[in-house]
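Chemist: Show me the folded form of this:
(one chain, ligands or ions: 3)
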Amino acid sequence: MQWLNLGLFLVEAVVYFSVMTAFLHFRRTLGLGVFLAALGVMHFMETYLAAVFYVQLPFGTVSPGSSIFFAGKLMMILMLYIKEDAATVRQPIYGLFLGNLLTVGLAQILQWHAAVAMPGGRSADMGFLDEMGWLMVWGTTLLYVDAIAIILLYERLGRWIERHIVLRFAISGAVILTFDQVGFYTVLHILIDAPSAVFFGGWYAKLFAVLVYSFFFFIYLKIDQNERWSASSRQIKDIFHDLTFRERYHALLAKAGLDGLTGVLDRGRYEMDGPELVRKSLALRQSISLVIVDADHFKDVNDQFGHQRGDAVLKDLAACLTRNARSGDHLSRFGGEEFVLLLSDTDHEEAVEVAERIRQDIAARVSRPDGTALTVSVGVATAPEDGRTLDLILSRADERLYQAKKDGRNRVHGRLGRF
Ligand code: GH3
Ligand code: MG
Ligand code: MG
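Modeler: Numbering: from 1, shown residues only. Ligands and ions are numbered 1, 2, ... in the order given. Take a look at the predicted model:
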């Protein structure tokens, strides 16, 4: 009998997990409301079962309500968080909390009715509702704490075992459900003097449920990665890689717009921000200057010392430029060994001075692998005098850079020729 019950337990877990996961997975086509409403509806059944429906399992007398369904709900909340983000998962956490309080409150009012007798002597068990009241409030509070804690723990585990999401899922579930069982049992013990067997039976059942759910979660990840049955509009691999979507998004955001080698802004950022910076400056009737810096004879560095040593010199060059830039300056890697500095609210004369200071600093501090100085040639142009768009001042600065190269390199050229 116990083994039959265990088998049924497993069947219930499979049905619960697969249907709820399907709702979650197809949330882009079905709408997230389907998943959330199902989660809320299930809550009523699990609370009822936890109060009155217990079965004998090999490890004790337990209720499918508190083990299979309650544990399942927490794992579903965690899955929703992994797939979406904190802003989305807040909705069912708050919704369940407030909805449960509403249920308890309305149950109190309902008891004041003088109810009509139903055929066959059926009547609502108001005593049950009353008895459930405080336990519901406590269970609801615990659920609220559990839901937040399971997410925080999952996040914290990410610091050590970031890529093992099934393990993070399982550990988070086991720890939080243990905490939940201690919390819930303590109150049960105080209220109805529940024996310790109730604690252990329920605890084992919850751990068993976490184990089963983690296994299905693992299978789901495998299917989700390998087969294209997703109805989602995003790439399957993007949703559930080894990292969660949200973590990958943050990692991407941190890197976005930065040049991989030197860490300064990349060409894309120059093209995105540059025109806007020029427009803003002109609107404020301020000058904005563009300084383009090109390393001299850089090809020789690569030819003599190899590309990797060349890369290291480029990093030093970028670091020197970064040190010289003010906090509001826009420094980007324009191409191979060319960098562009956009100086807001800086007139031509000031910009040429800045450029000259940078040129000297580079010659003094950045060296080639053989120890000789790396030098740069620089062109400077300023809006509005040299043109009123980014492209116009860039081409002026580029012409001046070309002239600086022709005149012998290691120099700055502005509007009035060599500085
Ligand atoms: P000059 O500018 O003084 O006329 O001579 P140059 O040798 O620097 O000529 P140019 O600007 O045309 O060549 C740039 C060289 O920079 C070509 C390429 O070998 C090197 N380069 C470009 N990008 C990278 C990079 O990411 N890493 C390394 N190591 N070298 C690069
Ligand atoms: Mg070049
Ligand atoms: Mg060059």
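Chemist: Can I get stretch 31-40 in CSV, CA atoms only?
Modeler: Output of stretch 31-40 as CSV, limited to C-alpha atoms (Å, rounded to 0.1, in the frame of the first residue of the first chain):
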residue,chain,number,x,y,z
GLY,A,31,0.3,34.7,-22.0
LEU,A,32,2.0,34.5,-18.6
GLY,A,33,-1.5,34.9,-17.0
VAL,A,34,-2.2,31.2,-17.7
PHE,A,35,0.8,30.0,-15.7
LEU,A,36,0.1,32.5,-12.8
ALA,A,37,-3.6,31.7,-12.6
ALA,A,38,-2.9,28.0,-12.5
LEU,A,39,-0.4,28.6,-9.8
GLY,A,40,-3.0,30.4,-7.7
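Chemist: So for the closest residue to Gln403 other than its chain neighbours, what's the pLDDT?
Modeler: Counting by CB to CB, 6 or more residues apart in numbering, the nearest residue to Gln403 once its immediate chain neighbours are dropped is His413, at 5.1 Å. From N, CA and C alone the C-beta is placed, and that goes for glycine too. At His413, the model reports a pLDDT of 97.
Chemist: in a helix, that's where His413 is, yeah?
Modeler: No. Using DSSP: H, G, I helix; E, B strand; the rest coil, the secondary structure at His413 is strand, not a helix.
Chemist: Near it, how many other residues are there?
Modeler: 25 (other CB atoms under 10 Å).
Chemist: So what pairs up with it in the strands?
Modeler: Using DSSP bridges, the bridge partners assigned to His413 are Gly379, Arg418.
Chemist: Quick check: residues of the stretch 51-200 of the chain near ligand 2?
Modeler: Within the stretch 51-200 of the chain, no position is adjacent to ligand 2 by CB under 5 Å from the ion.
Chemist: Just the helices from the stretch 51-200 of the chain, written as ranges.
Modeler: Secondary structure of the stretch 51-200 of the chain by DSSP state H, counting those that start in this stretch: the helices cover 70-83, 86-110, 126-161, 165-192, 196-226.
Chemist: can you list those in JSON lines and add mean neighbour count and mean pLDDT?
Modeler: Converted to JSON lines, the helices of the stretch 51-200 of the chain look like this (neighbours: other CB atoms under 10 Å; pLDDT from 0 to 100):
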{"stretch": "helix 70-83", "mean neighbour count": "24", "mean pLDDT": "92"}
{"stretch": "helix 86-110", "mean neighbour count": "15", "mean pLDDT": "86"}
{"stretch": "helix 126-161", "mean neighbour count": "16", "mean pLDDT": "82"}
{"stretch": "helix 165-192", "mean neighbour count": "18", "mean pLDDT": "91"}
{"stretch": "helix 196-226", "mean neighbour count": "18", "mean pLDDT": "89"}
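Chemist: For ligand 1, which of those is the nearest?
Modeler: Ranking the helices of the stretch 51-200 of the chain by proximity to ligand 1 (CB to the nearest ligand atom) places helix 126-161 first, at 33.2 Å.
Chemist: Pull the distance from that closest one to the chain's centre.
Modeler: On the basis of CA atoms, centre = their mean, to the nearest Å, helix 126-161 sits 23 Å off its chain's mean C-alpha point.
Chemist: tell me the angle of it relative to helix 70-83?
Modeler: 40 degrees (axes from the mean of the first three to the mean of the last three CA atoms, to 10 degrees).
Chemist: rewinding a little: among the helices of the stretch 51-200 of the chain, which is nearest Asp311?
Modeler: Distance to Asp311, taken as CB to CB, is lowest for helix 126-161 among the helices of the stretch 51-200 of the chain, at 30.9 Å.
Chemist: packing partners for the closest one?
Modeler: Where contact means 3 or more CB pairs under 8 Å, 6 or more residues apart in numbering; DSSP states H and E, helix 126-161 is packed against helix 32-52, helix 70-83, helix 86-110, helix 165-192.
Chemist: ok, Asp329 - contacts?
Modeler: By CB atoms under 8 Å, 6 or more residues apart in numbering, the residues touching Asp329 are 341-344.
Chemist: before we move on, back to that, make CSV out of the helices and strands packed on helix 126-161 and add distance to ligand 3.
Modeler: CSV is the format used below for the helices and strands packed on helix 126-161 (distance: least, CB to the ion, whole Å):
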stretch, distance to ligand 3
helix 32-52, 54
helix 70-83, 48
helix 86-110, 47
helix 165-192, 46
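Chemist: Distance to Val301 added to those, as JSON lines?
Modeler: Below are the helices and strands packed on helix 126-161 laid out as JSON lines (distance: least, CB to CB, whole Å):
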{"stretch": "helix 32-52", "distance to Val301": "55"}
{"stretch": "helix 70-83", "distance to Val301": "47"}
{"stretch": "helix 86-110", "distance to Val301": "48"}
{"stretch": "helix 165-192", "distance to Val301": "44"}
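Chemist: Fine by me, we can end here.
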